[in-house]
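>>> Turn this into a structure:
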Amino acid sequence: MGPKYFLASRLVLLLAPGPGWHASAQILQAPAWPIAVKNPYLNSWYSAGPTSAPLNSTIVSLWNTIITSWYLGINVDGLPYRIMGSSNPPTVNVSNQVSVQMTPTRTIVETQAGPINLTMDFMSPIDADDLIRQSVPFSYLAISAASIDGKPHSVNVYSDVSSEWITTNLSDTTNSAEDTQNVFVSLQSSLNTSLPFVEIQDFAQDSTSVFALKNTAGVKYQIGLFMDVRNLGMNSTGLQDNIADSTSATDVIVRGISVDLGQVIQTTSPMVFAIGVVRDPSIQFVSLSSEAQLRSSYYRMNFTTSSDVVSFFLDDYDNASNQASRLDSQISTDALKTSSKYSELLSLVARQAVSSIEITVSKNVDGSFNSSDIMAFMKDMGNVGVGGVNAVDVLYAAFPMYMYLNPNIGGYLLRPLLVAQDTPEYTQPYAAQGLGSNFLNATVENIAHNFGIEQSGNMIIMLLAHLQATGDGSLVNQYYDMIKDWADYLVQNSLNPGPQYTSPADAINAINQTNLALKGIIGIGAMARISDYMGKGDDGLLYANTSQTYIGQWQNLSISQDKTHLLTSFGSNDSTGLIYNLYADKLLQLDLVPQSVSSLSMVTEILNKDLTSSKFGIPLDSGNETYTRADWMMFAAAASTNDSLRSSLIDLVHFYAFTPTNNTPFTPLYDPTTGKSLGGSNSPSLGAFFSVLALEYVTVHSLSDFWILTTIVISKSFQVNITGVKSKSVETGISRKKLSLIIGASVIGGVVCFGFLSYGLWIYRKRLQKRTATGHSSESQSVQTTWRVESHSQSTLISSSVPPALQRRSTTILEVSENLTTTIRRTRREAAQVNGTIPVHSMSEIEFLDAPPPYTA
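This next block holds a predicted model:
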């Protein structure tokens, strides 16, 4: 009997099932399972494929199928067994793989080697509310063993990795070992010829691969030719704690680590491996005037050496594991309200979509990090967009995921696009398609293109989504004039798009596309809302009236003559397809499109279509029955208010996802008649799968929700002294000269802090009402969380016990003197939803701490 494959909604399923936990009843197949998937260069997969090949008959590979060799074996009572990797050495036994389970953050493989059961937990943490942990370029493998027959058995576990994690040119690498005060063993491989900001076959040519384990009794290591090291590791001889001379080797060099577990009966404590790919700097951001800025990964603010981050990462395993379980629980609980199939889809795509980005900071002139200058850069893996960096149409597809996990990340991704175009050298009247085609080098291109409505609409829609979810108006305030220019372009062109196109990967070449015109009109409506938020009422009224006028004309042009469906092209009465941009109207709560019109977009497609010919999905356009996109299918599903239609679309995507025709990471482009993948492997656009959750769980702040902005200056040594509130000094960076002008403002500070509490409680009551209406209770349970204060001059943490409903999407804005905008946002890291229950807490204390927070390894 072959191995079983499951998608588990929670890790606890594997350990101790309880009320509210969910596991799929059916056996599922995925084209590939994520193994170490954290960023664009730590992105390796177990390619099971259509045959559900076990892990011991496949070779771990990069998302693009290039080998990143990772071997795992076990010696039980003197008999070697291969668990993961190639058939070399060929003389070992092969384990019997029992099952694969997957959550949003974990892939858990269970296998049997003789009388020993081995569990491998491949965990790539997702911690979007903690940018330090989210940006650390490492993943975990935790291994535990247990006797099947209840008798003691001697067990030795061996694992190795090669330099193939960073290059295909194995002769150009240097390997080294580091044993730091007997705390951990870290085996490293780096390139002899480092080429900063250069990619070859999706490998960054300035990388160092790290393979590490805590150094305990029974741990040994060795670096050398793979057959030599692997034979020693798999037999009774054991590794020799040395490094062979490999400078002239033409064969594969591996870094091996073995652990002697002794006699095993009960389940052992997990032995935790860390695997990572380290680089610095991570991104070169170049302006049109050729000014280059080198940017480092965010975690670098806290760790100066790779040893520091390895030590922290290994020590942080318990915390990371608990956080991963909480996030798995949260996503599953939320998704199961839609369906179990929806929950399974999110488990499949979560790591894939999140791993596409690098979160970065710049440096000041003195070499220190500028913690307020945060930018994120997305690699268009799979080239669903124009390829390269921050492809706008791909970012638009992925945006619901960031809105759900942490909408501030959406702002970090939009910011470099705005900065790059806000220059006299950029002369196009519409938004750019991205930041160039070469990831690692983010450079906007001042070139004309045929996607002006598409990209301008995308940018304005995302900017409003970010604004409404966070309350942070800094981006739209700073770049208002440029955004307004894009909106004016939409006013001039949206009702007559002519030969302009939607996303390049849509492959629709019809003129006057209904879906494209709709995006432009929604963009105009979004600009009206942005103008209102910025206090520009005249602009807001103009754009609002225009969007209302246009949507009426759009209806006349887009509805078929028999009033049964929406056309995909004005005047083409036989055309139909997925009008997926209806989702943006729902996400922004603009209510531009009447419900009667919105329903027409899919009623005909789903209820009247013979799905025997398209059992995997709905064609994007009736002009091409053999092409569709899974991301837009999920947008269409989320936009539907008809539960049957929504379920039908999700079921179709689920059937495609788990009926694989290849062995690559999930691809959004496919043939709905056969289920055959047509491209886009590992695309971040699959963040679109979170579109349903973004509608349900992202609070959209109306203008009346915003706290009255008050010009406040906090004195350099201001002490917060309110009953129940702790205090520490807050360094604001305000000069003494400026302080002399506003010394009396300290009194306001107490009122401000009280305002935080009052505003927070108000948002909490509002949010709790919404959650209770969807079936959540309000039982009390204490959870510790963190509030981050992000400003242009500092980054401060506020630690507090607060309601998770308040953590969910509440933001307060302060306007500090000289346009110092400080955004206080909550995080949801500790807001676990247990059995569908939202815990309620008291806001008993707020403590101001110095920033950035120290991470103690």
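>>> Could you check which helix or strand contains Gln293?
Element membership of Gln293 [criterion: DSSP states H and E] is strand 292-297.
>>> which of the residues in that strand are buried?
293, 295-297 (16 or more other CB atoms under 10 Å). Bear in mind the C-beta positions are built from the backbone N, C-alpha and C, glycine included.
>>> I'd say Asn512 and Ser575 touch.
No - under the criterion of CB atoms under 8 Å, Asn512 makes no contact with Ser575, lying 10.7 Å away.
>>> Need the overlap of contacts for those two.
Ser569 (CB atoms under 8 Å, 6 or more residues apart in numbering).
>>> top strand in the protein by residue count?
strand 253-264 (DSSP state E).
>>> Spell out which strands sit alongside that strand in the sheet and which way each one runs.
Applying DSSP bridges, strand 253-264 is found paired with strand 153-162 (antiparallel), strand 219-225 (antiparallel).
>>> which is the next helix or strand following it?
By DSSP H and E, the next helix or strand past strand 253-264 is strand 271-278.
>>> and that next one, what does it pack onto?
Packed against strand 271-278 by the contact rule (3 or more CB pairs under 8 Å, 6 or more residues apart in numbering; DSSP states H and E) you find strand 33-39, strand 42-46, strand 138-147, strand 153-162, strand 208-214, strand 253-264, helix 306-315.
>>> Quick one: closest of those to Lys341.
strand 33-39 (17.9 Å; CB to CB).
>>> mean confidence for the closest one?
Mean pLDDT, computed over strand 33-39, is 97.
>>> Between strand 153-162 and that strand, find me the angle.
Orientation check (axes from the mean of the first three to the mean of the last three CA atoms, to 10 degrees): strand 33-39 against strand 153-162 gives 50 degrees.
>>> Just the C-alpha atoms of strand 33-39, please, in CSV.
Below are the C-alpha coordinates for strand 33-39, written out as CSV (Å, rounded to 0.1, in the frame of the first residue of the first chain):
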residue,chain,number,x,y,z
TRP,A,33,5.0,19.8,-1.2
PRO,A,34,6.9,22.7,0.4
ILE,A,35,10.0,21.6,2.3
ALA,A,36,12.1,24.7,3.0
VAL,A,37,10.2,27.6,1.5
LYS,A,38,10.9,31.0,3.2
ASN,A,39,12.1,33.4,0.5
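>>> Tell me how far it lies from the chain's centre.
Relative to its chain's centre, strand 33-39 lies at 12 Å (CA atoms, centre = their mean, to the nearest Å).
>>> Ok, stretch 264-272 next?
Counting by CA atoms, centre = their mean, stretch 264-272 is centred 32 Å from the centre of its parent chain.
>>> residues of it that come out buried?
Across stretch 264-272, burial judged by 16+ other CB under 10 Å covers 264, 268, 270-272.
>>> any chance of those residues in JSON lines, plus pLDDT and distance to Glu164?
Formatted as JSON lines, the buried residues of stretch 264-272 follow (pLDDT from 0 to 100; distance: CB to CB, whole Å):
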{"residue": "Val264", "pLDDT": "97", "distance to Glu164": "31"}
{"residue": "Thr268", "pLDDT": "97", "distance to Glu164": "30"}
{"residue": "Pro270", "pLDDT": "96", "distance to Glu164": "26"}
{"residue": "Met271", "pLDDT": "97", "distance to Glu164": "23"}
{"residue": "Val272", "pLDDT": "98", "distance to Glu164": "23"}
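>>> Burial check on Asp481, number of neighbours?
Number of residues near Asp481 (other CB atoms under 10 Å) recorded here: 8.
>>> Correct me if wrong, but it is in a helix.
Yes - counting by DSSP: H, G, I helix; E, B strand; the rest coil, Asp481 falls inside a helix.
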